[in-house]
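S.K.: please work out how this folds:
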Amino acid sequence: MTQDWNNDQTSTQLPVNMDPISEAEVRKAVKQLKNGKAAGVDNIQPELLKTADSTIPYLTRVCNMAWNMKSPQSIGRMESLSHFQRKGI
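M.R.: Numbering: from 1, shown residues only. Here you go, the predicted structure:
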């Protein structure tokens, strides 16, 4: 059996938190980064983010800018920040 996604009459709303990303969320995500891993496309080592607490407001701003764009391109560019996944409500 195949599903015709174009003619699907049911609409399911997923529980996605659409509020702005908070500094607390970013701080929690940075703490969860693993040490000793290679830098991503941004060439920033996880250890640097963990020790430089002053970067949290800037990271939060970047995450919110990408979140507000809501385009596949902005999401693709933010792949290196994959730890900043938001849980549903």
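
S.K.: give me the contact list for stretch 37-56.
M.R.: 23, 26-27, 30-31, 33-35, 59, 79-80 (Cβ atoms under 8 Å, 6 or more residues apart in numbering). Every C-beta, even on glycine, is put in place using the N, C-alpha and C of the backbone.

S.K.: and if we set it to 7 Å?
M.R.: Contacting residues not belonging to stretch 37-56 are listed as 23, 26-27, 30-31, 33-35, 80 [Cβ atoms under 7 Å, 6 or more residues apart in numbering].

S.K.: now do it, average pLDDT.
M.R.: Mean pLDDT, stretch 37-56: 88.

S.K.: start to end distance for it?
M.R.: Taking Cα to Cα, to the nearest Å as the measure, stretch 37-56 stretches 20 Å from start to finish.

S.K.: for the chain, give me the ranges with low pLDDT.
M.R.: Residues of the chain meeting the criterion pLDDT under 70: 1-11, 70-89.

S.K.: may I see the buried residues of the helix ranked longest in it?
M.R.: Criterion DSSP state H: the longest helix present in the chain is helix 56-69. For helix 56-69, a neighbour-count test (16 or more other Cβ atoms under 10 Å) marks 56, 59-60, 62-63, 66-67 as buried.

S.K.: how long is stretch 36-43 end to end?
M.R.: 13 Å.

S.K.: can you pull out the helices in this protein?
M.R.: Secondary structure of the chain, counting by DSSP H: helices at 23-31, 46-51, 56-69, 72-77.

S.K.: for the ones you listed, give me a markdown table that also has distance to Pro15.
M.R.: Output for those, formatted as a markdown table (distance: least, Cβ to Cβ, whole Å):
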| stretch | distance to Pro15 |
| --- | --- |
| helix 23-31 | 16 |
| helix 46-51 | 28 |
| helix 56-69 | 16 |
| helix 72-77 | 19 |
